[in-house]
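# okay, predicted coordinates and the sequence, questions at the end:
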Amino acid sequence: MTCFSFLFSRKLDSSSKFCLEVDEVSGIHNVNFFSYKELRRTTDDFSDSNKIGEGGFGSVYKARLKGGLHAAVKVLSATSSQGVDEFVTEIKVISKIAHENLVKLYGCCVEHDQRILVYNYLENNSLAHTLLGKNPNNIQFTWRTRYRIGIGVARGLAYLHDAIQPHIVHRDIKASNILLDRDLTPKISDFGLAKLIPANMTHVSTRVAGTLGYLAPEYAINGRLTRKADIYSFGVLLAEIVCGRNNTNTRLPVEEHYLLERVWELHERRELVGLVDASLKGDFDAEEACRFLKVSLLCTQDNPKHRPSMSTVVKMLAGEFRIDDDKIKKPILITDFMDLKVRGPPKPSDSKSTSYAASSASENQMTSNYSSDNSASGGGNMAFSGLFNRST
Ligand SMILES: Nc1ncnc2c1ncn2[C@@H]1O[C@H](COP(=O)(O)OP(=O)(O)OP(=O)(O)O)[C@@H](O)[C@H]1O
């Protein structure tokens with residue numbers, strides 16, 4: 001990891017007083033530690049004017065560090081649905097790796113009951129806010145930009161999945177976890193749910209967590225986590241990037257609610273080009289755009305073994321690996337075998353914690369509350385940390 005020691009007050013070592021305070025970070029090395037005082041000062045006492053976002057973890061503030069570097073400071077809130085485990089996972093995973101398409105962790109703060117993460121500041125927010133949301137900076141997502149974003153995210157994931165040992169499964173690939181820097185280079189963020197898969201293992205069994213709409217059905221049902229779960233989520237995200245809409249949008253006519261279903265229908269009719277974001281006004285490379293949508297279908301195939309690896313996806317997107325149309329079958333949606341029902345229409349005031357019930361053909365049942373992901377989804381995306389009764 002790059003050392004930013006000129007910016008930071010201390011690093012964790014055996015003499016650090018923080019070691020005594022926090023069992024949970026023992027075993028974490030080479031992480032820069034900020035003092036709470038310093039972060040308070042650089043965010044102007046966590047002022048509202050410096051607040052740049054809010055997620056499941058807590059609030060995010062813009063800070064100006066010593067030396068003038070900007071940072072995003074994520075403060076774990078006491079009421080966060082995410083906890084100390086995810087805080088520690090995030091530090092352990094991201095502090096050891098570096099790639100152009102992954103967010104960079106500058107360090108953290110662990111003092112008394114404060115848990116804070118400090119990242120490089122990314123000027124252009126997330127794809128959920130910009131491409132799929134209100135787009136306050138009025139970013140122009142030309143076809144070239146979308147192409148670069150799609151391939152960039154694929155490269156970041158290929159690095160996590162194939163280039164490093166143990167492999168890392170991110171588990172929460174979605175539009176709000178893809179941040180954009182000044183040049184609109186995509187950076188995968190939010191490693192709090194990530195899992196390491198040692199080389200000698202094909203999967204790990206784990207509590208199911210992720211975001212509905214992006215969640216690979218086989219993982220949601222049996223908790224067997226492989227890299228293919230991320231590949232499924234990437235396929236959903238890729239379709240969103242090309243089409244400029246959320247994977248689920250219940251404000252659209254009923255036949256258009258689910259983006260993947262639309263992609264499949266138009267693929268069968270050989271009319272994929274009709275799905276490309278209308279805001280491009282036809283100014284795109286049709287061959288590339290259709291190729292991207294076909295990759296999206298391949299990534300979301302029912303049988304995880306039929307989904308290409310991320311390294312192959314990178315080559316397919318770049319046109320260096322031929323896509324065999326015969327291999328593209330109907331993608332699988334979680335709604336295909338889980339009868340997900342909203343108990344009553346979500347009210348605007350319910351936007352942070354709407355209860356959802358799920359019943360499925362199997363014995364599995366989601367037992368958690370869900371919270372809505374972002375307003376642009378038309379109530380479709382539900383972020384959750386779902387617990388399934390399962391026998392794995
Ligand atoms: N490194 C960063 N640079 C700039 N803005 C950031 C950075 N990290 C987060 N943000 C902003 O803060 C918001 C909240 O981020 P956070 O990762 O906490 O939650 P989220 O991914 O939006 O939602 P969830 O926690 O439910 O997955 C983001 O949408 C983004 O606007």
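All right, it came through fine.
# what residues does the strand or helix carrying Ala63 touch?
Secondary-structure element containing Ala63, defined by DSSP states H and E: strand 58-64. Outside of strand 58-64, the residues that reach it under the criterion CB atoms under 8 Å, 6 or more residues apart in numbering are 39, 42-43, 46-47, 50-54, 70-77, 80, 118, 121. C-beta: built from backbone N, CA, C; applies to glycine.
# kindly recompute the last result at 7 Å.
In this structure, residues lying in contact with strand 58-64 by CB atoms under 7 Å, 6 or more residues apart in numbering are 39, 42-43, 46, 50-54, 70-77, 80, 121.
# hmm, Gly152 is touching Asn101, no?
Yes. Contact between Gly152 and Asn101 holds when scored by CB atoms under 7 Å: they sit 4.7 Å apart.
# shared neighbours of the two, anything?
Contact with both Gly152 and Asn101 is made by residues Pro186, according to CB under 7 Å, 6+ apart.
# how close does the closest residue to the ligand within the stretch 201-350 of the chain sit to Ser311?
Among residues of the stretch 201-350 of the chain, the one nearest the ligand by CB to the nearest ligand atom turns out to be Thr211. It sits 7.2 Å away. Between Thr211 and Ser311 the distance is 24 Å, computed by CB to CB, to the nearest Å.
# up against the ligand, what does the protein have?
Of all the residues in the chain, those in contact range of the ligand (CB under 6 Å from any ligand atom) are 52-57, 60, 72, 74, 103, 119, 121-122, 125-126, 129, 176-177, 179, 189-190, 383.
# can I have the buried ones of these as a ChimeraX selection?
Buried members of these, identified by 16 or more other CB atoms under 10 Å, are gathered into one ChimeraX selection as follows:
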select :53,55,56,57,60,72,74,103,119,121,122,125,126,129,176,177,179,189,190,383
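# which of the residues of the chain next to the ligand fall in helices?
Within the residues of the chain next to the ligand, no residue falls in helices by DSSP state H.
# what about the residues of the chain next to the ligand, which are in strands?
When these are checked against strands using DSSP state E, the ones located there are Ile52, Gly53, Glu54, Val60, Ala72, Lys74, Tyr119, Leu179, Ala383.
# more crowded one of Thr211 and Ser311?
Each of Thr211 and Ser311 has its neighbours counted (other CB atoms under 10 Å); Thr211 has more, 26 against 17.
# surely that one is in contact with Ile173?
No. Distance between Thr211 and Ile173: 8.7 Å, which falls outside the contact criterion (CB under 7 Å).
# can you pull the phi/psi pair for the spatially most central residue of the chain?
By CA atoms, centre = their mean, the chain has its centre lying nearest to Ile173, at 2.9 Å. Summarising the backbone geometry of Ile173 under the convention degrees, to the nearest 10, its torsions are phi -70, psi 120.
# looking at the ones in strands among the residues of the chain next to the ligand, which one is closest to Phe284?
Set against Phe284, the nearest of those by CB to CB is Leu179 (23.7 Å).
# what residues are up against the closest one?
Leu179 makes contacts with Val103, Leu122, Asn125, Ser126, Lys187, Ser189, as judged by CB under 7 Å, 6+ apart.
# what does the pLDDT read for Tyr232?
Note for Tyr232: predicted pLDDT of 98.
# what's the local residue count around the closest residue in space to it that isn't next to it in sequence?
Nearest-residue entry for Tyr232: Ala216, 3.6 Å, with adjacent residues in sequence omitted and distances by CB to CB, 6 or more residues apart in numbering. A count of neighbours around Ala216, defined by other CB under 10 Å, yields 27.
# go on, Asp172?
The criterion is other CB under 10 Å. On that basis, Asp172 has 24 neighbouring residues.
# that one reaches Thr211, doesn't it?
Yes. Taking contact to mean CB under 7 Å, the distance of 6.1 Å between Asp172 and Thr211 places them in contact.
# now do the host helix or strand of Glu90 against strand 58-64, angle only.
When elements are defined using DSSP H and E, Glu90 is found to belong to helix 84-94. Between the direction of helix 84-94 and that of strand 58-64, the angle (axes from the mean of the first three to the mean of the last three CA atoms, to 10 degrees) works out to 40 degrees.
# may I have whichever helix or strand comes after helix 84-94 as PDB, with CA atoms only?
On the C-terminal side of helix 84-94, the nearest following helix or strand under DSSP H and E is strand 105-111. Taking Å, rounded to 0.1, in the frame of the first residue of the first chain, the C-alpha atoms of strand 105-111 are listed here in PDB:
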ATOM      1  CA  LEU A 105      -8.300   3.800   1.600                       C
ATOM      2  CA  TYR A 106      -6.100   6.500   3.200                       C
ATOM      3  CA  GLY A 107      -6.600   5.200   6.700                       C
ATOM      4  CA  CYS A 108      -9.000   5.000   9.600                       C
ATOM      5  CA  CYS A 109      -9.800   6.400  13.000                       C
ATOM      6  CA  VAL A 110     -10.500   4.100  16.000                       C
ATOM      7  CA  GLU A 111     -10.900   6.100  19.200                       C
END
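# and strand 105-111, how far from the chain's centre?
21 Å (CA atoms, centre = their mean, to the nearest Å).
# ok and that strand relative to helix 84-94, angle-wise?
Here strand 105-111 runs at an angle of 150 degrees relative to helix 84-94 (the same axes, to 10 degrees).
# which helices and strands sit right next to strand 105-111?
On a contact count with 3 or more CB pairs under 7 Å, 6 or more residues apart in numbering; DSSP states H and E, strand 105-111 meets strand 32-33, helix 36-42, helix 84-94, strand 114-120.
# I'd like the next helix or strand past the last one.
Counting by DSSP H and E, the element after strand 114-120 in chain order, helix or strand, is helix 143-158.
# so for that next one, mean pLDDT?
For helix 143-158, the mean pLDDT works out to 98.
# wait, what's in contact with the residue nearest to Tyr232?
If a contact means CB under 7 Å, 6+ apart, then Ala216 has Lys228, Ala229, Tyr232, Ser233 as its contacts.
# again, only using 10 Å
Residues near Ala216 by CB atoms under 10 Å, 6 or more residues apart in numbering: 171, 208, 210, 224-226, 228-233, 235-236, 299-300, 304, 307, 332, 334.
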